[in-house]
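Student: from the sequence below, what's the structure:
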Amino acid sequence: MTRAVVIGAGIGGLTAAVALQRRGWDVTVFERAASLEPVGSGLAVAANALKALDTIGAGDEIRELSAVQGAGGIRRSDGGWLVRTTVEAASARNGGDSVVLLRRADLVGVLSSRLAPGTVRLGTEVSEVNAENGLVTLPGGRVEADLVVAADGIHSPVRAALFPGHPAPRYAGVTSWRVLVPAEGVPGQAYESWGRGKVFGVMPLAGGTSYCYATDTVPAGGGGGDQLAELRRLFGDWHAPIPELLAAASPEKVLRNDVHHLATPLPAMHRGRVVLLGDAAHAMTPNMGQGACQAIEDAVVLAHVAGDGRRPTGRGGGNDPLAGYTAARLERTSRIVARSASICRVTRMRNPLAVRLRDTMMALSWRLAPSSVNGAMDEVFGWTPPAP
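Tutor: Residues are numbered from 1 along each chain as shown. Alright, predicted model coming up:
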(Lines give C-alpha, C1' and ligand atoms only; values in the text may rest on other atoms or scores of the structure.)
Protein backbone atom coordinates (compact mmCIF):
# COMPACT_ATOMS: atom_id res chain seq x y z
CA MET A 1 0.00 0.00 0.00
CA THR A 2 1.30 3.44 -0.91
CA ARG A 3 1.64 6.06 1.81
CA ALA A 4 0.39 9.64 1.86
CA VAL A 5 1.17 12.32 4.42
CA VAL A 6 -1.21 15.26 4.74
CA ILE A 7 0.09 18.39 6.47
CA GLY A 8 -2.79 20.29 8.04
CA ALA A 9 -6.18 19.10 9.31
CA GLY A 10 -8.32 21.90 7.94
CA ILE A 11 -11.20 21.27 5.57
CA GLY A 12 -8.98 20.73 2.53
CA GLY A 13 -6.55 18.44 4.34
CA LEU A 14 -9.31 16.33 5.89
CA THR A 15 -11.15 16.02 2.56
CA ALA A 16 -7.94 14.90 0.88
CA ALA A 17 -7.31 12.34 3.62
CA VAL A 18 -10.83 10.91 3.26
CA ALA A 19 -10.62 10.80 -0.54
CA LEU A 20 -7.20 9.11 -0.54
CA GLN A 21 -8.19 6.54 2.09
CA ARG A 22 -11.23 5.62 0.02
CA ARG A 23 -8.84 4.82 -2.84
CA GLY A 24 -6.73 2.54 -0.69
CA TRP A 25 -3.96 4.87 0.46
CA ASP A 26 -2.34 4.59 3.87
CA VAL A 27 -2.85 8.17 5.09
CA THR A 28 -1.46 10.07 8.07
CA VAL A 29 -2.50 13.65 8.82
CA PHE A 30 -0.11 15.81 10.87
CA GLU A 31 -1.73 18.82 12.54
CA ARG A 32 0.31 21.20 14.65
CA ALA A 33 -2.69 22.32 16.75
CA ALA A 34 -3.46 20.36 19.89
CA SER A 35 -7.10 19.71 18.92
CA LEU A 36 -9.39 19.57 15.93
CA GLU A 37 -11.70 22.11 17.54
CA PRO A 38 -12.40 24.48 14.65
CA VAL A 39 -12.88 28.20 14.81
CA GLY A 40 -16.38 29.31 15.73
CA SER A 41 -17.68 30.38 12.37
CA GLY A 42 -20.03 29.39 9.61
CA LEU A 43 -19.46 28.27 6.07
CA ALA A 44 -21.21 28.32 2.71
CA VAL A 45 -20.86 25.12 0.70
CA ALA A 46 -21.84 25.73 -2.90
CA ALA A 47 -23.09 23.27 -5.52
CA ASN A 48 -19.60 22.56 -6.88
CA ALA A 49 -18.27 21.54 -3.46
CA LEU A 50 -21.39 19.50 -2.67
CA LYS A 51 -20.80 17.49 -5.84
CA ALA A 52 -17.20 16.93 -4.73
CA LEU A 53 -18.37 15.81 -1.28
CA ASP A 54 -20.79 13.39 -2.94
CA THR A 55 -17.80 11.54 -4.41
CA ILE A 56 -16.54 10.72 -0.90
CA GLY A 57 -19.98 9.86 0.45
CA ALA A 58 -20.35 12.98 2.60
CA GLY A 59 -22.66 15.19 0.54
CA ASP A 60 -26.00 13.99 1.88
CA GLU A 61 -24.92 14.27 5.51
CA ILE A 62 -23.75 17.82 4.92
CA ARG A 63 -27.08 18.69 3.29
CA GLU A 64 -28.95 17.28 6.30
CA LEU A 65 -26.91 19.38 8.75
CA SER A 66 -27.29 22.57 6.72
CA ALA A 67 -29.75 25.32 6.03
CA VAL A 68 -30.41 26.01 2.35
CA GLN A 69 -29.49 29.52 1.30
CA GLY A 70 -32.87 30.97 0.42
CA ALA A 71 -33.79 34.18 -1.31
CA GLY A 72 -31.24 36.89 -0.64
CA GLY A 73 -28.78 39.09 -2.47
CA ILE A 74 -26.89 42.34 -1.94
CA ARG A 75 -28.29 45.36 -0.10
CA ARG A 76 -27.24 48.91 0.69
CA SER A 77 -26.40 49.88 4.25
CA ASP A 78 -29.91 51.39 4.54
CA GLY A 79 -31.49 48.07 3.55
CA GLY A 80 -32.42 48.83 -0.06
CA TRP A 81 -31.85 45.92 -2.44
CA LEU A 82 -29.25 46.11 -5.19
CA VAL A 83 -29.37 42.46 -6.31
CA ARG A 84 -31.96 39.82 -5.36
CA THR A 85 -31.69 36.09 -5.89
CA THR A 86 -33.99 33.12 -5.46
CA VAL A 87 -33.01 29.62 -4.38
CA GLU A 88 -35.24 28.13 -7.09
CA ALA A 89 -33.33 29.85 -9.89
CA ALA A 90 -29.95 28.84 -8.51
CA SER A 91 -31.05 25.23 -7.92
CA ALA A 92 -32.48 24.92 -11.41
CA ARG A 93 -29.14 25.92 -12.93
CA ASN A 94 -27.11 23.53 -10.78
CA GLY A 95 -28.88 20.21 -10.82
CA GLY A 96 -30.98 20.80 -7.70
CA ASP A 97 -28.21 22.22 -5.51
CA SER A 98 -27.32 25.84 -4.87
CA VAL A 99 -25.64 26.80 -1.60
CA VAL A 100 -26.04 25.31 1.86
CA LEU A 101 -24.99 26.99 5.09
CA LEU A 102 -23.58 25.27 8.17
CA ARG A 103 -21.16 25.59 11.04
CA ARG A 104 -17.55 24.98 10.11
CA ALA A 105 -17.39 22.63 13.10
CA ASP A 106 -20.07 20.42 11.56
CA LEU A 107 -18.19 20.01 8.29
CA VAL A 108 -14.96 19.22 10.13
CA GLY A 109 -16.84 16.65 12.22
CA VAL A 110 -18.35 14.92 9.19
CA LEU A 111 -14.97 14.66 7.48
CA SER A 112 -12.98 13.50 10.51
CA SER A 113 -15.59 10.85 11.31
CA ARG A 114 -14.87 9.21 7.95
CA LEU A 115 -11.17 8.70 8.66
CA ALA A 116 -9.72 5.48 10.04
CA PRO A 117 -8.85 5.67 13.77
CA GLY A 118 -5.39 7.10 14.37
CA THR A 119 -5.20 8.88 11.02
CA VAL A 120 -4.86 12.36 12.53
CA ARG A 121 -1.81 13.11 14.70
CA LEU A 122 -2.47 16.28 16.67
CA GLY A 123 0.19 18.50 18.18
CA THR A 124 2.69 17.44 15.52
CA GLU A 125 4.44 20.13 13.49
CA VAL A 126 6.25 19.30 10.26
CA SER A 127 9.56 21.15 10.04
CA GLU A 128 10.76 20.13 6.58
CA VAL A 129 9.63 18.33 3.44
CA ASN A 130 11.85 16.93 0.71
CA ALA A 131 9.94 17.06 -2.57
CA GLU A 132 12.24 14.62 -4.35
CA ASN A 133 12.14 11.68 -1.97
CA GLY A 134 9.03 12.47 0.09
CA LEU A 135 10.87 12.64 3.42
CA VAL A 136 8.86 14.53 6.03
CA THR A 137 10.76 15.75 9.08
CA LEU A 138 8.93 15.67 12.42
CA PRO A 139 10.00 16.39 16.00
CA GLY A 140 10.66 12.69 16.60
CA GLY A 141 12.32 11.80 13.31
CA ARG A 142 11.35 11.34 9.67
CA VAL A 143 8.77 9.47 7.65
CA GLU A 144 8.85 8.79 3.93
CA ALA A 145 5.75 9.20 1.80
CA ASP A 146 4.88 8.45 -1.80
CA LEU A 147 2.69 11.57 -1.74
CA VAL A 148 2.84 14.64 0.50
CA VAL A 149 -0.21 16.92 0.59
CA ALA A 150 0.63 20.39 1.90
CA ALA A 151 -2.65 21.81 3.19
CA ASP A 152 -0.82 24.06 5.63
CA GLY A 153 -2.66 27.32 5.07
CA ILE A 154 -2.25 30.81 3.68
CA HIS A 155 1.28 31.30 4.97
CA SER A 156 2.34 27.78 3.98
CA PRO A 157 5.98 26.99 4.89
CA VAL A 158 5.91 24.16 2.34
CA ARG A 159 4.91 26.53 -0.47
CA ALA A 160 7.70 28.91 0.50
CA ALA A 161 10.21 26.06 0.38
CA LEU A 162 8.98 24.69 -2.95
CA PHE A 163 8.81 28.10 -4.66
CA PRO A 164 11.23 30.32 -2.72
CA GLY A 165 11.15 33.23 -5.17
CA HIS A 166 7.38 33.42 -5.45
CA PRO A 167 5.61 36.50 -4.03
CA ALA A 168 4.07 35.93 -0.61
CA PRO A 169 0.34 36.40 -0.02
CA ARG A 170 -0.66 40.06 -0.27
CA TYR A 171 -2.87 42.00 2.11
CA ALA A 172 -6.17 42.52 0.30
CA GLY A 173 -6.84 45.86 1.96
CA VAL A 174 -9.57 44.67 4.33
CA THR A 175 -9.80 43.09 7.73
CA SER A 176 -12.63 40.70 8.57
CA TRP A 177 -14.74 39.78 11.57
CA ARG A 178 -16.73 36.57 12.08
CA VAL A 179 -19.19 35.62 14.81
CA LEU A 180 -21.94 33.08 15.45
CA VAL A 181 -25.03 34.69 16.98
CA PRO A 182 -28.20 33.24 18.57
CA ALA A 183 -30.88 34.48 16.22
CA GLU A 184 -34.28 33.06 17.16
CA GLY A 185 -36.97 35.12 15.49
CA VAL A 186 -34.60 36.83 13.06
CA PRO A 187 -35.77 36.46 9.42
CA GLY A 188 -33.98 33.54 7.77
CA GLN A 189 -32.55 35.36 4.81
CA ALA A 190 -28.94 35.35 3.60
CA TYR A 191 -27.55 38.59 2.21
CA GLU A 192 -24.63 40.96 2.12
CA SER A 193 -24.98 44.68 2.73
CA TRP A 194 -22.45 47.03 1.15
CA GLY A 195 -21.56 50.49 2.36
CA ARG A 196 -18.61 52.84 1.92
CA GLY A 197 -15.64 50.49 2.17
CA LYS A 198 -17.56 48.12 4.44
CA VAL A 199 -19.53 44.89 4.09
CA PHE A 200 -21.80 43.06 6.54
CA GLY A 201 -23.08 39.57 5.73
CA VAL A 202 -25.70 37.39 7.40
CA MET A 203 -26.06 33.63 6.89
CA PRO A 204 -28.88 31.88 8.80
CA LEU A 205 -27.79 28.41 9.94
CA ALA A 206 -29.79 25.46 11.23
CA GLY A 207 -30.83 25.53 14.89
CA GLY A 208 -31.68 29.21 15.28
CA THR A 209 -28.17 30.56 14.79
CA SER A 210 -26.88 33.16 12.34
CA TYR A 211 -23.33 33.44 11.08
CA CYS A 212 -22.38 37.09 10.69
CA TYR A 213 -19.29 38.36 8.94
CA ALA A 214 -18.00 41.83 8.15
CA THR A 215 -15.10 43.60 6.47
CA ASP A 216 -13.72 47.11 6.63
CA THR A 217 -11.07 48.86 4.59
CA VAL A 218 -8.33 49.51 7.15
CA PRO A 219 -4.55 49.09 7.37
CA ALA A 220 -3.26 45.64 8.24
CA GLY A 221 -2.14 44.78 11.74
CA GLY A 222 -5.00 46.21 13.76
CA GLY A 223 -7.01 44.39 16.38
CA GLY A 224 -6.92 44.07 20.12
CA GLY A 225 -9.50 45.32 22.55
CA ASP A 226 -13.23 44.71 22.38
CA GLN A 227 -13.91 43.68 18.79
CA LEU A 228 -17.66 43.40 19.32
CA ALA A 229 -17.69 47.04 20.42
CA GLU A 230 -15.80 47.86 17.23
CA LEU A 231 -18.40 46.04 15.13
CA ARG A 232 -21.21 47.89 16.89
CA ARG A 233 -19.43 51.18 16.22
CA LEU A 234 -18.98 50.38 12.53
CA PHE A 235 -22.38 48.81 11.79
CA GLY A 236 -24.70 49.78 14.62
CA ASP A 237 -26.60 52.28 12.47
CA TRP A 238 -27.07 49.93 9.49
CA HIS A 239 -30.43 48.42 8.59
CA ALA A 240 -32.26 45.84 10.70
CA PRO A 241 -31.57 43.18 11.82
CA ILE A 242 -27.84 44.00 11.87
CA PRO A 243 -27.96 46.06 15.10
CA GLU A 244 -30.14 43.38 16.73
CA LEU A 245 -27.74 40.61 15.75
CA LEU A 246 -24.78 42.53 17.13
CA ALA A 247 -26.70 43.19 20.34
CA ALA A 248 -27.16 39.42 20.76
CA ALA A 249 -23.50 38.55 20.06
CA SER A 250 -20.92 37.66 22.72
CA PRO A 251 -17.56 39.52 22.72
CA GLU A 252 -15.51 36.35 23.27
CA LYS A 253 -16.91 34.77 20.10
CA VAL A 254 -15.83 37.51 17.71
CA LEU A 255 -12.88 36.56 15.48
CA ARG A 256 -10.83 39.18 13.63
CA ASN A 257 -8.34 38.46 10.83
CA ASP A 258 -6.63 40.49 8.14
CA VAL A 259 -7.49 39.14 4.69
CA HIS A 260 -4.61 37.99 2.48
CA HIS A 261 -4.64 36.40 -0.94
CA LEU A 262 -2.12 34.86 -3.33
CA ALA A 263 -2.33 37.56 -5.99
CA THR A 264 0.29 35.98 -8.25
CA PRO A 265 -0.59 32.42 -9.32
CA LEU A 266 1.99 29.73 -8.63
CA PRO A 267 3.85 28.26 -11.61
CA ALA A 268 2.53 24.84 -10.53
CA MET A 269 0.57 23.28 -7.69
CA HIS A 270 3.02 20.43 -7.24
CA ARG A 271 6.68 19.60 -7.27
CA GLY A 272 8.13 16.11 -7.07
CA ARG A 273 6.05 14.11 -4.60
CA VAL A 274 4.48 17.19 -2.99
CA VAL A 275 1.20 18.87 -3.90
CA LEU A 276 -0.19 22.13 -2.54
CA LEU A 277 -3.87 22.24 -1.68
CA GLY A 278 -6.40 24.88 -0.62
CA ASP A 279 -5.11 28.14 0.82
CA ALA A 280 -1.53 26.92 0.50
CA ALA A 281 -2.01 26.79 -3.27
CA HIS A 282 -4.48 29.58 -4.03
CA ALA A 283 -5.41 31.70 -1.01
CA MET A 284 -8.29 33.96 -2.01
CA THR A 285 -10.45 36.71 -0.55
CA PRO A 286 -13.80 35.52 0.84
CA ASN A 287 -15.94 37.51 -1.59
CA MET A 288 -17.10 34.57 -3.69
CA GLY A 289 -17.45 32.14 -0.78
CA GLN A 290 -15.16 29.70 -2.60
CA GLY A 291 -12.11 29.28 -0.37
CA ALA A 292 -13.20 26.05 1.32
CA CYS A 293 -15.11 24.95 -1.79
CA GLN A 294 -12.00 25.09 -3.96
CA ALA A 295 -10.01 23.20 -1.34
CA ILE A 296 -12.65 20.45 -1.43
CA GLU A 297 -12.44 20.37 -5.23
CA ASP A 298 -8.64 20.14 -5.01
CA ALA A 299 -8.90 17.14 -2.71
CA VAL A 300 -11.15 14.99 -4.88
CA VAL A 301 -9.22 15.85 -8.05
CA LEU A 302 -5.97 14.96 -6.33
CA ALA A 303 -7.33 11.58 -5.24
CA HIS A 304 -8.44 10.94 -8.82
CA VAL A 305 -5.01 11.82 -10.22
CA ALA A 306 -3.13 9.90 -7.52
CA GLY A 307 -5.17 6.82 -8.31
CA ASP A 308 -5.42 3.50 -6.52
CA GLY A 309 -3.25 3.36 -3.41
CA ARG A 310 -2.35 -0.22 -4.18
CA ARG A 311 -0.63 0.83 -7.40
CA PRO A 312 2.15 3.35 -8.20
CA THR A 313 1.19 7.01 -7.77
CA GLY A 314 -0.43 8.88 -10.60
CA ARG A 315 -2.38 8.21 -13.75
CA GLY A 316 -0.41 10.57 -15.90
CA GLY A 317 2.64 8.38 -16.28
CA GLY A 318 5.97 9.78 -17.42
CA ASN A 319 8.41 11.53 -15.15
CA ASP A 320 5.85 13.84 -13.55
CA PRO A 321 2.83 11.72 -12.52
CA LEU A 322 1.20 14.56 -10.56
CA ALA A 323 1.21 16.97 -13.49
CA GLY A 324 -2.44 16.13 -14.06
CA TYR A 325 -3.30 17.74 -10.74
CA THR A 326 -1.74 21.07 -11.70
CA ALA A 327 -3.31 20.84 -15.16
CA ALA A 328 -6.77 20.32 -13.69
CA ARG A 329 -6.58 22.89 -10.91
CA LEU A 330 -4.20 25.79 -11.56
CA GLU A 331 -6.08 27.66 -14.28
CA ARG A 332 -9.50 27.28 -12.65
CA THR A 333 -8.39 28.36 -9.19
CA SER A 334 -6.36 31.27 -10.59
CA ARG A 335 -9.46 32.64 -12.33
CA ILE A 336 -11.49 32.38 -9.13
CA VAL A 337 -8.76 34.05 -7.05
CA ALA A 338 -8.65 36.95 -9.53
CA ARG A 339 -12.41 37.31 -9.73
CA SER A 340 -12.80 37.26 -5.96
CA ALA A 341 -10.07 39.91 -5.59
CA SER A 342 -11.83 42.14 -8.13
CA ILE A 343 -15.06 41.96 -6.09
CA CYS A 344 -13.05 42.80 -2.97
CA ARG A 345 -11.69 45.91 -4.68
CA VAL A 346 -15.23 47.02 -5.52
CA THR A 347 -16.34 46.62 -1.89
CA ARG A 348 -13.43 48.81 -0.76
CA MET A 349 -14.75 51.92 -2.51
CA ARG A 350 -15.14 54.83 -0.08
CA ASN A 351 -15.69 57.88 -2.27
CA PRO A 352 -19.42 58.73 -2.04
CA LEU A 353 -19.75 59.37 -5.78
CA ALA A 354 -17.94 56.14 -6.66
CA VAL A 355 -20.12 54.17 -4.23
CA ARG A 356 -23.29 55.70 -5.68
CA LEU A 357 -22.17 54.83 -9.22
CA ARG A 358 -21.24 51.27 -8.13
CA ASP A 359 -24.62 50.72 -6.53
CA THR A 360 -26.49 52.15 -9.51
CA MET A 361 -24.62 49.95 -11.97
CA MET A 362 -25.20 46.84 -9.86
CA ALA A 363 -28.93 47.52 -9.58
CA LEU A 364 -29.29 48.25 -13.29
CA SER A 365 -27.34 45.16 -14.30
CA TRP A 366 -29.58 42.99 -12.18
CA ARG A 367 -32.81 44.51 -13.47
CA LEU A 368 -31.83 44.65 -17.14
CA ALA A 369 -29.69 41.52 -17.53
CA PRO A 370 -30.08 39.15 -14.56
CA SER A 371 -28.87 36.20 -16.65
CA SER A 372 -25.46 37.82 -17.09
CA VAL A 373 -25.14 38.31 -13.33
CA ASN A 374 -26.13 34.69 -12.69
CA GLY A 375 -23.87 33.48 -15.47
CA ALA A 376 -20.80 34.83 -13.71
CA MET A 377 -21.30 32.19 -11.00
CA ASP A 378 -22.56 29.39 -13.22
CA GLU A 379 -19.02 28.60 -14.35
CA VAL A 380 -18.02 28.17 -10.72
CA PHE A 381 -21.05 26.25 -9.49
CA GLY A 382 -21.35 24.17 -12.64
CA TRP A 383 -18.05 22.31 -12.12
CA THR A 384 -18.30 18.52 -12.03
CA PRO A 385 -15.86 16.10 -10.36
CA PRO A 386 -13.74 13.78 -12.49
CA ALA A 387 -15.34 10.45 -13.35
CA PRO A 388 -14.33 7.57 -11.06
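Student: longest helix in the chain, please.
Tutor: The residue-count maximum for a helix in the chain (DSSP state H) belongs to helix 323-347.
Student: report the distance from that one to the chain centre.
Tutor: 12 Å (Cα atoms, centre = their mean, to the nearest Å).
Student: continuing past that helix, what's the next helix or strand?
Tutor: helix 352-368 (DSSP states H and E).
Student: report the buried residues of that following helix.
Tutor: Across helix 352-368, burial judged by 16 or more other Cβ atoms under 10 Å covers 355, 358-359, 362-363, 366. Where C-beta positions appear, they are placed from N, C-alpha and C, glycine not excepted.
Student: which residues does residue 29 contact?
Tutor: Residues near residue 29 by Cβ atoms under 8 Å, 6 or more residues apart in numbering: 5-9, 13-14, 17, 115, 119-121.
Student: so it bridges to which residues?
Tutor: Note on residue 29: beta-bridge partners residue 6, residue 120, judged by DSSP bridges.
Student: residues touching the closest residue to residue 352 other than its chain neighbours, list them.
Tutor: Leaving aside its sequence neighbours, residue 352 sits nearest to residue 196 (Cβ to Cβ, 6 or more residues apart in numbering; 6.8 Å). With contacts taken as Cβ under 8 Å, 6+ apart, residue 196 has the following neighbours: 77, 349-352, 355.
Student: may I see the buried residues of the longest helix of the chain?
Tutor: For helix 323-347, burial by neighbour count (16+ other Cβ under 10 Å) applies to 323-326, 328-330, 332-334, 336-337, 339-341, 344, 347.
Student: repeat that for stretch 51-67.
Tutor: For stretch 51-67, by 16+ other Cβ under 10 Å, it's 51-56, 58-59, 61-63, 65-67.
Student: give me the subset of these lying in helices.
Tutor: Secondary structure from DSSP H places 51-54, 59, 61-63, 65 of these in helices.
Student: shaky segments in this structure?
Tutor: 1, 38-39, 86-96, 185-188, 311-319, 371-376 (pLDDT under 70).
Student: show me where it has helices.
Tutor: Using DSSP H, helices in the chain cover 11-22, 47-54, 59-65, 87-93, 104-113, 157-162, 227-235, 242-248, 279-282, 291-306, 323-347, 352-368, 370-381.
Student: out of the ones you listed, flag the one nearest residue 260.
Tutor: Closest to residue 260 of these is helix 279-282 (Cβ to Cβ; 9.1 Å).
Student: what's the closest one packed up against?
Tutor: helix 157-162, helix 291-306, helix 323-347 (3 or more Cβ pairs under 8 Å, 6 or more residues apart in numbering; DSSP states H and E).
Student: show residues contacting stretch 298-311.
Tutor: So stretch 298-311 is contacted by 1-2, 4, 12, 15-16, 18-20, 22-26, 52, 55-56, 147, 149, 269, 275, 277-278, 281, 313-316, 321-322, 324-325, 328-329, 333, 385-386, 388 (Cβ under 8 Å, 6+ apart).
Student: and the buried ones among those residues, selectable in PyMOL?
Tutor: Buried residues among the contacts of stretch 298-311 (16+ other Cβ under 10 Å), as a PyMOL selection:
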select buried, resi 2+4+12+15+16+18+19+20+22+23+25+26+52+55+56+147+149+269+275+277+278+281+313+314+321+322+324+325+328+329+333+385
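Student: in stretch 110-119, what's buried?
Tutor: Using 16+ other Cβ under 10 Å as the test for burial, stretch 110-119 gives 110-112, 114-115, 119.
Student: would you turn these into JSON lines with distance to residue 379?
Tutor: Shown next, in JSON lines, are the buried residues of stretch 110-119 (distance: Cβ to Cβ, whole Å):
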{"residue": "110", "distance to residue 379": "27"}
{"residue": "111", "distance to residue 379": "26"}
{"residue": "112", "distance to residue 379": "31"}
{"residue": "114", "distance to residue 379": "29"}
{"residue": "115", "distance to residue 379": "32"}
{"residue": "119", "distance to residue 379": "34"}
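Student: from residue 260, how far out is residue 134?
Tutor: Plainly put, residue 134 is 29 Å away from residue 260 if you go by Cβ to Cβ, to the nearest Å.
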